[in-house]
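Asker: missing the sequence, but the structure's below:
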């Protein structure tokens, strides 16, 4: 997969940009706050429909365009793609418009100039992104780890993405019904209908996540042991599904042990083929039976709280290094090493699933790695079909790498391609 052209309108500090891109690595360099990261963010957003940095999509629109006197502002991200199969154009429009007495905001996705659902934009452009904040996948909240799972899977598996979307809608409806039952006592006869649908959809999500984490764990363990720690440390990724009836708010103590056991059971029971169809319907039925039994046991507590207390929306997964919890006991260096192993494993996994290497996006991560890990990462970048990198100082890269890369200086949203960095002869 190769991004041949990127076009931005009213996106971050770019009022207008037309950028042709070459295969192989492209290095964007310059001082901070000049617009380097915004280029990577635009590509990532086009691939995933999410920003790794913004809390609200409105923040992505160009500030100068968002003046009160402007009733309509349209931001655009458009990319021309080439792959082994075909050529296509993908586009996302971010539209701020006056709706009565208030401002409204909506998004619009297009593939080959035809409007599509946001969900149908996913999978056309596939990326793996490296950012310093990735360490939060280890040390942050379960929601951050679930987000990572969903973004990665949705780029390769449309069935998973549709199932997840449907699950979230049913979950919202079921929670509303639980609150209604608690407040008025009405609706208890309807609850089994929503529970049955939730179990059906949630069981498919449990199965797919178990399969994905198991595959990712195998790749990450090998990379971590053989290439990153010279056989000194072992890495384990463990799926912790909220399939069981444990009603604890946190996964610790006996609750953690039960979640680990359930995750291992799922990994053995929930095989999914490459085309993402269940291998064995009986296995999926087993998951459904366990999930339904858990919800039945939790029903009184769920009605009291107005929330669904088991399901993939409460899932977690964690890292262990040499048998110890990386989030609780690992050093910063160990955490960064584990994330590097995870991302390299993600590249392998996504390539194996799709038959094409994803585009790599690396935002200021090379400076944070020691010489050994930097060399491994840059070797991966050189072998990739296409990679976009940012750095404040290009001299941290080897001469061989700079000779191979397209080098572009970024200054206040203006781009200037160079044969070599300005401070090289």
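Answerer: Great, that's in hand. On a predicted model such as this, the values are computed, not experimentally measured, just so you know.

Asker: Please tell me I have it right and residue 118 contacts residue 48.
Answerer: No: if you go by C-beta atoms under 8 Å, residue 118 and residue 48 don't touch, sitting 10.3 Å apart. Placement of C-beta: from N, CA and C, glycine included.

Asker: More neighbours: which of those two?
Answerer: Between residue 118 and residue 48, counted using other C-beta atoms under 10 Å, the more crowded position is residue 48 (21 against 13).

Asker: show me the contacts for the more buried one.
Answerer: Counting by C-beta atoms under 8 Å, 6 or more residues apart in numbering, residue 48 makes contact with 122, 127, 151, 154, 155.

Asker: close enough to count as contact, the third one and residue 50?
Answerer: Yes: because the distance of 6.6 Å satisfies C-beta under 8 Å, residue 151 is recorded as touching residue 50.

Asker: who's more crowded, the two?
Answerer: Applying other C-beta under 10 Å to residue 151 and residue 50 shows that residue 151 carries more neighbours, namely 19 against 14.

Asker: What residues sit buried inside the lengthiest helix in the chain?
Answerer: In terms of residue count, the longest helix belonging to the chain (DSSP state H) is helix 191-223. Within helix 191-223, the residues that count as buried by 16 or more other C-beta atoms under 10 Å are 191, 194-195, 197-217, 219-221, 223.

Asker: go on, stretch 140-154?
Answerer: For stretch 140-154, the neighbour count (16+ other C-beta under 10 Å) marks 142, 145, 146, 147, 148, 149, 150, 151, 152, 153, 154 as buried.

Asker: now swap in stretch 384-396 and tell me
Answerer: Quick answer for stretch 384-396 (16+ other C-beta under 10 Å): 384, 385, 386, 387, 388, 389, 390, 391, 394.

Asker: cool, stretch 39-58 as well?
Answerer: Using 16+ other C-beta under 10 Å as the test for burial, stretch 39-58 gives 39-49, 51-53, 57.

Asker: start to end distance for it?
Answerer: 17 Å (C-alpha to C-alpha, to the nearest Å).

Asker: so for it, what's the average pLDDT?
Answerer: Average pLDDT, stretch 39-58: 95.

Asker: Tell me where the stretch 151-300 of the chain has helices.
Answerer: Along the stretch 151-300 of the chain, counting by DSSP state H, counting those that start in this stretch, helices occupy 158-184, 191-223, 253-269, 281-305.

Asker: Which one, of those, ends up nearest to residue 333?
Answerer: Closest of the helices of the stretch 151-300 of the chain to residue 333 is helix 191-223, at 16.2 Å (criterion: C-beta to C-beta).

Asker: now for the closest one, which elements pack on it?
Answerer: Judged by 3 or more C-beta pairs under 8 Å, 6 or more residues apart in numbering; DSSP states H and E, helix 191-223 is in contact with helix 142-154, helix 158-184, strand 235-240, helix 253-269, helix 281-305, helix 332-354.

Asker: quick one, the third one and helix 332-354 angle?
Answerer: Relative orientation of strand 235-240 versus helix 332-354 (axes from the mean of the first three to the mean of the last three C-alpha atoms, to 10 degrees): 70 degrees.

Asker: Provide the contact partners of strand 235-240 at residue level.
Answerer: Contact with strand 235-240 is made by 209-210, 213-214, 216-217, 220-221, 224-225, 251, 256, 259-260, 262-263, 266-267, 315-321, 338, 341-342, as judged by C-beta under 8 Å, 6+ apart.

Asker: try it again with 6 Å
Answerer: Outside strand 235-240, the residues that touch it by C-beta atoms under 6 Å, 6 or more residues apart in numbering are 210, 213, 217, 220-221, 224, 251, 259-260, 263, 316-318, 320-321, 338, 341.

Asker: if we can go back for a sec, closest one to residue 111 out of the buried residues of stretch 140-154, please.
Answerer: The closest of the buried residues of stretch 140-154 to residue 111 turns out to be residue 154 (C-beta to C-beta; 15.5 Å).

Asker: any idea how far residue 196 is from the closest residue to that closest one other than its chain neighbours?
Answerer: Nearest non-adjacent residue to residue 154, counting by C-beta to C-beta, 6 or more residues apart in numbering: residue 161, 4.0 Å away. Using C-beta to C-beta, to the nearest Å, residue 161 is found at 22 Å from residue 196.

Asker: next one: residue 392
Answerer: Relative to residue 196, residue 392 is positioned 55 Å away (C-beta to C-beta).

Asker: residue contacts, the residue nearest to residue 154?
Answerer: Going by C-beta under 6 Å, 6+ apart, residue 161 touches 119, 122, 154.

Asker: any chance of these in JSON lines, plus distance to residue 113 and pLDDT?
Answerer: Converted to JSON lines, those look like this (distance: C-beta to C-beta, whole Å; pLDDT from 0 to 100):
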{"residue": "119", "distance to residue 113": "18", "pLDDT": "93"}
{"residue": "122", "distance to residue 113": "18", "pLDDT": "95"}
{"residue": "154", "distance to residue 113": "23", "pLDDT": "96"}
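
Asker: In this protein, which strand is the longest?
Answerer: Looking across the chain with DSSP state E, the single longest strand is strand 87-99.

Asker: partner strands of that one, parallel or antiparallel?
Answerer: Partners of strand 87-99 in the sheet, by DSSP bridges, are strand 72-82 (antiparallel), strand 102-111 (antiparallel).

Asker: returning to what we had before: looking at the contacts of residue 48, which is nearest residue 289?
Answerer: For the contacts of residue 48, the nearest to residue 289 is residue 154 (27.2 Å; C-beta to C-beta).

Asker: so where is the protein shaky, pLDDT-wise?
Answerer: For the chain, the stretches flagged by pLDDT under 70 are 68-70, 85, 246-254, 269-279, 419-425.

Asker: Can you give me the domain assignment for it?
Answerer: Structural domains assigned to the chain are 2-126+357-418, 140-336, following automatic domain parsing.

Asker: mind putting these in a markdown table, distance to residue 134 included?
Answerer: A markdown table is the format used below for those (distance: least, C-beta to C-beta, whole Å):
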| stretch | distance to residue 134 |
| --- | --- |
| domain 2-126+357-418 | 8 |
| domain 140-336 | 8 |
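
Asker: and of those, who's closest to residue 346?
Answerer: Smallest distance to residue 346 across the domains of the chain (C-beta to C-beta): 6.2 Å, for domain 140-336.

Asker: roughly how far is that closest one from the heart of the chain?
Answerer: Here domain 140-336 is found 16 Å from its chain centre; the criterion is C-alpha atoms, centre = their mean, to the nearest Å.
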